[in-house]
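> Got a predicted structure here, sequence first:
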Amino acid sequence: MGLDRQLDEDLRQAMRAGDALRVATIRLARAAIQNAEIEKRRPLTEDELQDILQHQVKRRREAIEGFQRGGREDLARKESLEMAILLGYLPPPFGEDDLRRIIAEAVAGLGAASPRDTGRVMATVMPKVRGRAEGATVDRLVREALGG
């Protein structure tokens, strides 16, 4: 079942169960998806759907940090619950060990040897880890692998 259909089915189930938080979270995600489809004037691919959900997770993560800095633990907790719901639709993130292995393969395959090769390695690694690792983490690990 595609991600789009899964969201629709889960929305129906959440409405039947009276799960207001899940209903609201899925509706917000569906609205973001619909806006992107209108903008692109076509249905989105599975990768594009995942990108949108990943962006929604990132927005929640940033909101959590802001609410915690402002002393609003109640709102931070709500955002955390919403983020957990959205993460359930995304593939599990890579751990640093998995990322190091993927980066090492890319470095060996490209013959990269210095920090000047960071861009080439990043261009090879990022499509492989798309949606499952943050770019800043990958960049940090690539720089470590290249001695930069």
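Sure, I can see it.
> Show the residue spans covered by the helices in this structure.
Under the criterion DSSP state H, helices of the chain are mapped to 3-17, 20-40, 46-69, 73-87, 96-110, 118-129, 135-145.
> Can you give me the buried ones in the fourth one?
Residues of helix 73-87 classed as buried under the neighbour-count rule (16 or more other C-beta atoms under 10 Å) are 76, 78-80, 82-83, 85-87. All C-beta spots, glycine's among them, are computed from the backbone N, C-alpha and C.
> returning to what we had before: same list (the helices of the chain) but as a markdown table, adding mean pLDDT.
A markdown table is the format used below for these (pLDDT from 0 to 100):
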| stretch | mean pLDDT |
| --- | --- |
| helix 3-17 | 97 |
| helix 20-40 | 97 |
| helix 46-69 | 95 |
| helix 73-87 | 97 |
| helix 96-110 | 94 |
| helix 118-129 | 94 |
| helix 135-145 | 93 |
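> give the contact list for the spatially most central residue of the chain.
With the centre of the chain defined as its mean C-alpha position, the nearest residue by C-alpha atoms, centre = their mean is Gln54, 2.9 Å away. By C-beta atoms under 8 Å, 6 or more residues apart in numbering, the contact set of Gln54 is 90, 131.
> what's the distance between it and Arg30?
15 Å (C-beta to C-beta, to the nearest Å).
> so how far is Leu99 from Arg60?
22 Å.
> whoops, Pro93 was the one
For Pro93 relative to Leu99 (C-beta to C-beta), the value is 9 Å.
> Need the residues touching each of those two.
Both Pro93 and Leu99 are in contact with Ala133, where contact means C-beta under 8 Å, 6+ apart.
> Who has more neighbours out of the two?
Legend: neighbour count by other C-beta atoms under 10 Å for Pro93 and Leu99, higher for Leu99 (22 against 15).
> mind giving me the domain split of the protein?
3-87, 96-145 (automatic domain parsing).
> So which residues make contact with stretch 89-108?
Contact with stretch 89-108 is made by 3, 6-7, 29, 50, 53-54, 57, 112, 117, 121, 124-125, 128-129, 131-133, 137-138, 141-142, 145-146, as judged by C-beta under 8 Å, 6+ apart.
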